[in-house]
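Visitor: Predicted structure and sequence below. I'll ask about it afterward.
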Amino acid sequence: MAEIVIVETPAAAGALIADEIARRIAADPETVLGLATGSTPLPVYEALPARLAGLDVSRVRGFALDEYVGIDPTHPESYRAVITREVVEPLGLDPTRVHTPNGALATIEHAGEDYERAIAEAGGIDLQILGIGTSGHIGFNEPGSSFASRTRVKTLVEQTRRDNARFFDSIDDVPMHCITQGLGTILEARHLVLLAFGAGKAAAVAQAVEGPLTSSLPGSAIQLHPHVTVVVDEAAASELTGAGYYRYAYANKPDWQGI
């Protein structure tokens, strides 16, 4: 079962995970991070610079979860641009060691295989940051995605396009397709960290960690992983039936276990 950590604020969640990332990099300067985009992981990225001060991050590697298909990498809402703006530059990472799937139309037919190969050659992902969508998707693995799926092209459902329209001038500008790490790819990371904030995510969180294992709720795939940390604020935890136990277990766990 995933460890569920309920915190007061997104900032507290960001501090908790930033501490863990800094600990990992201090122990292994070649740590490989799985990077999510969107508003959910921002508290982590905002907390990291202070914690990485004095650490050698020149060999840290990163792999983004996904990218839009057919979008210019220089477009401000391409995930290449977002990762550069929100992660690479603020943390001082080497941009040549941080990767996003290649959404270019000319090479899209084998882009998934290329990305899988790059992750494998890096030794796999040590810590994967995840968000969860209102439809229960993680990465761009929409409902119905196979738990064995690999990096591939997906058609975005209308709800996801509406959710992401806030980053574009209109929903018509949100690409119809993306290339995303598959659920099978995500499950190979050594540590999964899923973050969720706000009442709008409460149902998806409860279904992912307490509901049945089903491809109709892709986030439930985390139940198959041996090391998952789910960090939520009070609003996102509001539909968890076991919230009392999760608080008790986290408050009384041995310090040496970490997260």
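Guide: Perfect, I can see it now.
Visitor: give me the number of residues near residue 109?
Guide: Using other Cβ atoms under 10 Å, residue 109 is surrounded by 9 other residues. Every residue, glycine included, has its C-beta placed from N, CA and C.
Visitor: let me fix that: residue 51
Guide: By the criterion of other Cβ under 10 Å, residue 51 has 18 neighbours.
Visitor: same deal with residue 177?
Guide: Look at residue 177: counted by other Cβ under 10 Å, it has 17 neighbours.
Visitor: just residue 21 next, same as before
Guide: By the criterion of other Cβ under 10 Å, residue 21 has 23 neighbours.
Visitor: per-residue confidence at it?
Guide: Predicted confidence (pLDDT) at residue 21: the value is 98.
Visitor: List the contacts of the closest residue in space to residue 175 that isn't next to it in sequence.
Guide: Among residues not flanking residue 175 along the chain, residue 68 sits closest, at 4.1 Å (Cβ to Cβ, 6 or more residues apart in numbering). Counting by Cβ atoms under 8 Å, 6 or more residues apart in numbering, residue 68 touches 77-79, 103, 175, 177-178.
Visitor: how about the strands of the protein, start to end?
Guide: Counting by DSSP state E, the segments of the chain that form strands are 3-7, 32-35, 61-64, 66-68, 98-99, 127-130, 152-155, 177-180, 191-196, 228-233.
Visitor: nearest to residue 89, of these?
Guide: Of all these, it is strand 98-99 that lies closest to residue 89, at 10.4 Å by Cβ to Cβ.
Visitor: packing partners for the closest one?
Guide: Using 3 or more Cβ pairs under 8 Å, 6 or more residues apart in numbering; DSSP states H and E, the elements in contact with strand 98-99 are strand 61-64.
Visitor: Output the strand it packs on as CSV, nothing but the C-alphas.
Guide: Taking Å, rounded to 0.1, in the frame of the first residue of the first chain, the C-alpha atoms of strand 61-64 are listed here in CSV:
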residue,chain,number,x,y,z
ARG,A,61,19.6,13.7,-15.1
GLY,A,62,16.0,14.2,-15.7
PHE,A,63,13.2,12.8,-17.9
ALA,A,64,9.9,14.6,-18.4
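Visitor: before we move on, back to that, show me the one of the strands of the chain that comes nearest residue 119.
Guide: With Cβ to Cβ as the criterion, residue 119 lies closest to strand 61-64 of these, at 5.7 Å.
Visitor: Adjacent strands (with direction) for that closest one?
Guide: According to DSSP bridges, strand 61-64 has the following sheet partners: strand 32-35 (parallel), strand 98-99 (parallel).
Visitor: which residues are contacting that strand?
Guide: The contact list for strand 61-64 (Cβ under 8 Å, 6+ apart) reads 30-37, 79-80, 83, 87-88, 93, 97-101, 115, 118-119, 122, 125, 181.
Visitor: picking up where we left off before, could I get the strands of the chain in a markdown table, plus columns for distance to residue 19?
Guide: Putting the strands of the chain into a markdown table (distance: least, Cβ to Cβ, whole Å) gives the following:
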| stretch | distance to residue 19 |
| --- | --- |
| strand 3-7 | 12 |
| strand 32-35 | 14 |
| strand 61-64 | 18 |
| strand 66-68 | 26 |
| strand 98-99 | 21 |
| strand 127-130 | 12 |
| strand 152-155 | 33 |
| strand 177-180 | 28 |
| strand 191-196 | 12 |
| strand 228-233 | 12 |
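Visitor: ok, the closest residue to residue 214 other than its chain neighbours to residue 175 distance?
Guide: Nearest non-adjacent residue to residue 214, counting by Cβ to Cβ, 6+ apart: residue 220, 5.8 Å away. Taking Cβ to Cβ, to the nearest Å as the measure, residue 220 falls 26 Å from residue 175.
Visitor: For the two, indicate the residue with more neighbours.
Guide: Just comparing residue 220 and residue 175: by other Cβ under 10 Å the higher neighbour count belongs to residue 220, 22 against 18.
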